[in-house]
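Q: Fold the stuff below for me.
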Amino acid sequence: MSAVNQVLNRIDQDIDASVERLFDLLRIKSISTDPEYKQDCRSAAQWLADELTAIGIPSQVRDTTGHPMVVGHRVADDKPGPHVLFYGHYDVQPVDPIELWDNDPFEPRIVTRDDGSKIIVARGANDDKGQLMTFVEAARAWIAETGDLPISVTVMLEGEEESGSPSLKPFLDANKDELSVDLALVCDTNMWDRETPAITVMLRGLVGEEITLRGPDKDLHSGMYGGAARNPLHVLSDMVAGLRDETGRITLPNFYDGVIEMPEDVMTMWGNLGFSEQEFLGGVGLKNPGGEQDRTVLEQIWTRPTCEVNGLWGGYNGQGFKTVIPSEAYAKISFRLVGDQDPQKIREAFRSYLKSKTPEDFELELHPHGGDPALRMAFDAPALDKGRQALTKEWDKPAALICSGGSIPIVGLFKNVLEMDSLLIGFGLDDDQIHSPNEKYEFNSFHKGIRSWARVLDALSKD
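A: This next block holds a predicted model:
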C-alpha cells in the first residue's frame, strides 16, 4: 500500500478523535473584535501551538501589537517539492444576535439531517477553525503514519482576520525572511457545490473613491434659484451616468488595458458547472443582468471589471419635503479590477474624468479608498495542476477552477510582501452561514477536507 493510502486509512480510523479535537478548539471563545475575549484569543493560539508541537510541527505563540500569531515549522533541505506556508485564522466573529442560535454557539454539536447527512454547528465551525483543522489533521496523520511530512511545511495562524488584520502586515514585514517560501496554502474558501471541489484561481482587485461636489455656498430655495443655479446633484448624477455606455461597458479611457480573456478550456469548464443565471439573480429578486451585454453572468462576477455606485446622496433626506437646491452632493464609487489592470492608472483616469465634468465654479474633493490589483495563479502553474489532480482523486469529480468576485487581503499580502503565489483550497459551502447564527460545516467537508489535504501534500512532493 502506498504511503498516501496508509495516511488516508489512518484519517478514516481517527475521524472521531479529529472531531473531538475540533470541538475542543471550537469551545474557545476567540472573538477578536471584543476586548473582553482577549485572553480567549490567546488561549486559542496556545491550544494550536501546543497541538502542532505535539504532532511534530514545533510551534510558538508569537506576540504582535494585537492578538498573537502561531508560527510553526517542519522543514528539511532534502525534501522534494515546494516549501509551503499554510495559513488559517483562529479568531471568530461575534455571535450576536444570540437569540437566533438554536444552541450555545460555543458548545459544538453534530446535527443529523433528514437525509442522513451530518453537520457540525458552532461559531467557527467553518470560518475558519473547521477549515484550518482539516490541514492540521492531515499533517497529524502523515507524521503519525510515516514519521514525517512529504514536503517542508511552515504554518502561520492569525488571530485578527475577523477584525481587519491590523497586525498582519507589520508581522509579515518583520518576519519576511522566515515566512517567504515557495507557495502559500490558504484554506478559507469554498467548494463549487457539495460534490465538486474547487480551487480559487482569481481574485478581483479594488479601487474606491469618495466624492464631494460643492456648488452654491449654501442650500438654495428651488423656487427662487431653480433653473438658474446648477444643482450639484444634477451634475454628479450626469458624471455617474456617463461612466457606462448603453451596452454596460465602462467608458474611462484605456480602462480595459490589462483585462485578459479566459482560455477556451476554462470557459468550457465553467459552461459545464451548471450555473443558473436565473437562479442566481432570482435569489435576490432580479431577472435581467446589468453588466456587459456580451458577457455571461459568471464572467461578469468572476473575470470582468466593474464600476459600481455604492452610495449617492445630497440635499434634504428628512421627513416631509424641503424644496432646496443642495449646496453639496456626494457619491461613493468602486471599481473591481481583473487581470493586469493597474489600480493607480484606473484612479487617475477616473479622477481626470471627474475633473473634466466639473463646472468651473464648482469644487471637487476626492478621498481614495483601496487600491489593490487583481490576483491570479497562472493556469499552467505546476502546483495548480497537482492540487487539482489531488482533489479530483478524492472527490471522484473534476475539481473546478473558480474565481472570486471579491478579495482576500491575505493573498495580496502574500504576493506583495512575501512574493509568493497562493493555492486557495477550501471546503466550505455557500449555505454554511458564516458570520451568522447557527454557523455550520458539513461533516463530509471536514472528513474529506482532511483527506484532500493529505493528497495535496503528497501530490506537491511528486515531480
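
Q: What ranges does the stretch 201-350 of the chain have for its helices?
A: Ranges of helices within the stretch 201-350 of the chain are 222-225, 232-241, 264-271, 277-282, 297-302, 343-356, based on DSSP state H, counting those that start in this stretch.

Q: I meant the stretch 351-463 of the chain, not that one.
A: All helices of the stretch 351-463 of the chain, identified by DSSP H, counting those that start in this stretch, fall at 382-395, 409-416, 443-460.

Q: if we can go back for a sec, out of the helices of the stretch 201-350 of the chain, flag the one nearest G412.
A: helix 343-356 (11.1 Å; CB to CB). In this view, the C-beta of every residue, glycine as well, is placed from N, C-alpha and C.

Q: packing partners for the closest one?
A: Judged by 3 or more CB pairs under 8 Å, 6 or more residues apart in numbering; DSSP states H and E, helix 343-356 is in contact with strand 205-214, strand 328-337, strand 363-372.

Q: Which residues does the last one contact?
A: Here strand 363-372 makes contact (CB atoms under 8 Å, 6 or more residues apart in numbering) with 205-214, 332, 334, 337, 343-344, 347, 351, 354-355, 358, 407, 409, 412.

Q: Could you give me the buried positions within it?
A: For strand 363-372, the buried set under the neighbour-count rule, 16 or more other CB atoms under 10 Å, comprises L364, G371, D372.

Q: Parallel or antiparallel, list what pairs with that strand.
A: Applying DSSP bridges, strand 363-372 is found paired with strand 205-214 (antiparallel).

Q: roughly how far is the partner strand from the heart of the chain?
A: 23 Å (CA atoms, centre = their mean, to the nearest Å).

Q: pull the CA atoms of that strand into CSV?
A: Output of strand 205-214 as CSV, limited to C-alpha atoms (Å, rounded to 0.1, in the frame of the first residue of the first chain):
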residue,chain,number,x,y,z
GLY,A,205,-8.8,43.9,-7.1
LEU,A,206,-10.4,47.1,-5.8
VAL,A,207,-10.2,50.9,-6.3
GLY,A,208,-12.6,53.1,-4.4
GLU,A,209,-13.2,56.8,-4.4
GLU,A,210,-15.4,59.1,-2.2
ILE,A,211,-16.6,62.2,-4.0
THR,A,212,-17.8,65.5,-2.6
LEU,A,213,-19.0,68.1,-5.1
ARG,A,214,-19.7,71.6,-3.9
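
Q: okay, the angle between that strand and helix 343-356?
A: 20 degrees (axes from the mean of the first three to the mean of the last three CA atoms, to 10 degrees).

Q: Let's check: the centremost residue of this structure is which one?
A: Centroid-nearest residue in the chain, with CA atoms, centre = their mean: I408, separated by 3.6 Å.

Q: How much space separates that residue from T33?
A: Plainly put, I408 is 19 Å away from T33 if you go by CB to CB, to the nearest Å.

Q: With L312 instead?
A: Distance from L312 to T33, counting by CB to CB: 30 Å.

Q: Compare the helices of the stretch 351-463 of the chain and report which one is nearest to T64.
A: helix 409-416 (14.1 Å).

Q: Tell me the buried residues in the closest one?
A: I410, V411, G412, L413, F414, K415.

Q: That one - contacts with which helices or strands?
A: strand 84-89, helix 168-174, strand 183-186, strand 375-376, strand 422-425.

Q: Compare the mean pLDDT across the ones you listed and name the weakest.
A: Here those differ in mean pLDDT, and the lowest is strand 375-376 at a mean of 94.

Q: Show me the contact partners of it.
A: With contacts defined as CB under 8 Å, 6+ apart, strand 375-376 is touched by V201, M202, L203, G205, G339, S407, V411, G412, K415, S422.

Q: if you set the cut-off to 6 Å instead, what comes out?
A: M202, L203, V411, K415 (CB atoms under 6 Å, 6 or more residues apart in numbering).

Q: need those residues in a markdown table with distance to P94 and pLDDT, can you?
A: Below are the contacts of strand 375-376 laid out as a markdown table (distance: CB to CB, whole Å; pLDDT from 0 to 100):
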| residue | distance to P94 | pLDDT |
| --- | --- | --- |
| M202 | 31 | 95 |
| L203 | 26 | 95 |
| V411 | 25 | 95 |
| K415 | 30 | 95 |
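
Q: which strands and helices sit next to the helix or strand R21 falls within?
A: Assessed by DSSP states H and E, R21 sits inside helix 15-26. For helix 15-26, the elements it packs on are helix 129-146, judged by 3 or more CB pairs under 6 Å, 6 or more residues apart in numbering; DSSP states H and E.

Q: how about a cut-off of 10 Å?
A: For helix 15-26, the elements it packs on are helix 38-55, strand 109-112, strand 118-121, helix 129-146, helix 443-460, judged by 3 or more CB pairs under 10 Å, 6 or more residues apart in numbering; DSSP states H and E.

Q: Pull out the buried positions in it.
A: Under the neighbour-count criterion of 16+ other CB under 10 Å, helix 15-26 has I15, S18, V19, R21, L22, F23, L25, L26 buried.

Q: before we move on, what about stretch 332-342?
A: Result for stretch 332-342 [16+ other CB under 10 Å]: buried residues K332, I333, S334, F335, R336, L337, V338, G339, Q341, D342.

Q: Bridging across strands, which residues link to the first one?
A: Applying DSSP bridges to K332 gives these bridge partners: E210, G311.

Q: can you confirm G72 is in a helix?
A: No. Looking at G72 with DSSP: H, G, I helix; E, B strand; the rest coil, it is strand, so not inside a helix.

Q: what about the closest residue to it other than its chain neighbours, distance to K176?
A: Nearest residue to G72, sequence neighbours excluded (CB to CB, 6 or more residues apart in numbering): S59, at 3.0 Å. Counting by CB to CB, the gap from S59 to K176 is 19 Å.

Q: With T53 instead?
A: Between T53 and K176 the distance, using CB to CB, works out to 24 Å.

Q: coming back round to it: now the helices and strands packed on helix 409-416 in TSV, with distance to I434 and mean neighbour count?
A: Shown next, in TSV, are those (distance: least, CB to CB, whole Å; neighbours: other CB atoms under 10 Å):
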stretch	distance to I434	mean neighbour count
strand 84-89	12	25
helix 168-174	20	17
strand 183-186	15	23
strand 375-376	21	22
strand 422-425	16	25
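
Q: Mind putting those into TSV with distance to I151?
A: Putting the helices and strands packed on helix 409-416 into TSV (distance: least, CB to CB, whole Å) gives the following:
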stretch	distance to I151
strand 84-89	6
helix 168-174	22
strand 183-186	10
strand 375-376	23
strand 422-425	12
